[in-house]
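>>> Just to be clear, the model below is a prediction. Sequence and coordinates:
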Amino acid sequence: MKVDLTFKRGEFQLAAQVELNGGVTGICGPSGVGKSTFLALLAGLLRPNTGTLNFSGVDLIDTQRDIFVPAWKRHFGLVFQNGMLFPHLSVRDNLLYGFNRLNPNERHLDLKTVTALLEIEPLLQRRPDQLSGGERQRVALGRALLYSPRLLLLDEPLSSLDDRLKQQILPFLKRVKEETRIPMIYVTHAQAEVDYLADRVLKMEDGRLGE
Ligand code: ADP
Ligand code: MG
């Protein structure tokens, strides 16, 4: 993926020029530097002021040529800090939400594989308010995986969990990395998480992304 984007919102300015390959790319930086904004630009949830984004040889953004591929057509998966599960749906229906909207030939993982990978089979009939924080995050990750994303964007997925739960979930993330080989961008303020998971770590500081 080739990224060359600028974005301005009030006083805040972001500039990112980077080339990313497969594996897990960690992006580390303190609160407020623009990590979530950067992911939102990649996901298509925000529009940049200028620049280009090329994924797998396809231009998703080119402001000069007026190209902007909408979020749903990018086919990226997103996992947020608090899971953002649909409260009225069971775990099973949450997991299958994106999966059911795919053509069968776009489905590269199935419910059985993902629930086994994340050890969430016993939770399938529950509702999100009947889950612990750690279970919620595993379900959120499972939902994103079942969408067979071309890229997984993770925005501080462990930040709402206590240390003990973080230690429990990190190995699942590593397992996902090794078994699915879906490229991931993992954003966090916790260096230890990217040291454990990432193949390459970038720093974000005052809206600037660097090595
Ligand atoms: P991080 O994820 O690294 O904590 P963000 O990308 O959320 O940083 O925020 C970058 C900057 O943009 C901060 O100055 C933040 O206050 C500001 N910001 C974030 N979201 C909004 C918003 N919806 N409206 C206006 N400013 C925002
Ligand atoms: Mg953030």
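Thanks, I have the structure now. Residues are numbered from 1 along each chain as shown. Ligands and ions are numbered 1, 2, ... in the order given.
>>> Which residue lies closest in space to the residue of the chain found nearest ligand 2, excluding its sequence neighbours?
Per C-beta to the ion, Ser36 is where the chain lies closest to ligand 2, at 3.2 Å. Every residue, glycine included, has its C-beta placed from N, CA and C. Among residues not flanking Ser36 along the chain, Asp155 sits closest, at 5.5 Å (C-beta to C-beta, 6 or more residues apart in numbering).
>>> again, but for Leu53
Using C-beta to C-beta, 6+ apart, the nearest residue to Leu53 is Ile61, at 3.9 Å.
>>> Neighbours of the one you found, how many?
Ile61 has 24 neighbouring residues, counting by other C-beta atoms under 10 Å.
>>> Check Glu179 too.
Glu179 is flanked by 12 other residues according to other C-beta under 10 Å.
>>> Show the contacting residues for the most centrally placed residue in the chain.
Nearest residue to the geometric centre of the chain (C-alpha atoms, centre = their mean): Leu153, 1.8 Å. By C-beta atoms under 8 Å, 6 or more residues apart in numbering, the contact list for Leu153 reads 39, 42-43, 76-79, 184-185, 187.
>>> Tell me how many other residues surround Val139.
As a burial measure, Val139 scores 25 neighbours (other C-beta under 10 Å).
>>> what lines up beside the strand or helix carrying Ile61 in the sheet?
Using DSSP states H and E, Ile61 sits within strand 58-62. Strand 58-62 pairs in its sheet with strand 50-55 (antiparallel), strand 67-68 (antiparallel), by DSSP bridges.
>>> quick revisit: hey, what's the residue nearest to Leu53 bridged with?
Residues in beta-bridge contact with Ile61 (DSSP bridges): Leu53, Phe68.
>>> Chain neighbours aside, what residue packs nearest to Phe76?
Nearest to Phe76 is Leu151, by C-beta to C-beta, 6+ apart, at 4.7 Å.
>>> swap that for Lys8, sorry
Using C-beta to C-beta, 6+ apart, the closest residue to Lys8 is Asn49 (5.5 Å).
>>> thinking the one you found is in contact with Thr63, fair?
Yes: Asn49 is within contact range of Thr63, at 7.3 Å (criterion: C-beta atoms under 8 Å).
>>> can you pull up the bridge partners for the residue nearest to Ser36?
Here Asp155, judged by DSSP bridges, has bridge partners Val187.
>>> From the contact counts, what lies against the longest helix that the chain contains?
Ranked by residue count under DSSP state H, the longest helix found in the chain is helix 163-180. In terms of contacts (3 or more C-beta pairs under 8 Å, 6 or more residues apart in numbering; DSSP states H and E), helix 163-180 is packed against helix 111-118, helix 133-146, helix 191-197.
>>> I'd like to know which of those is closest to ligand 1.
helix 191-197 (14.0 Å; C-beta to the nearest ligand atom).
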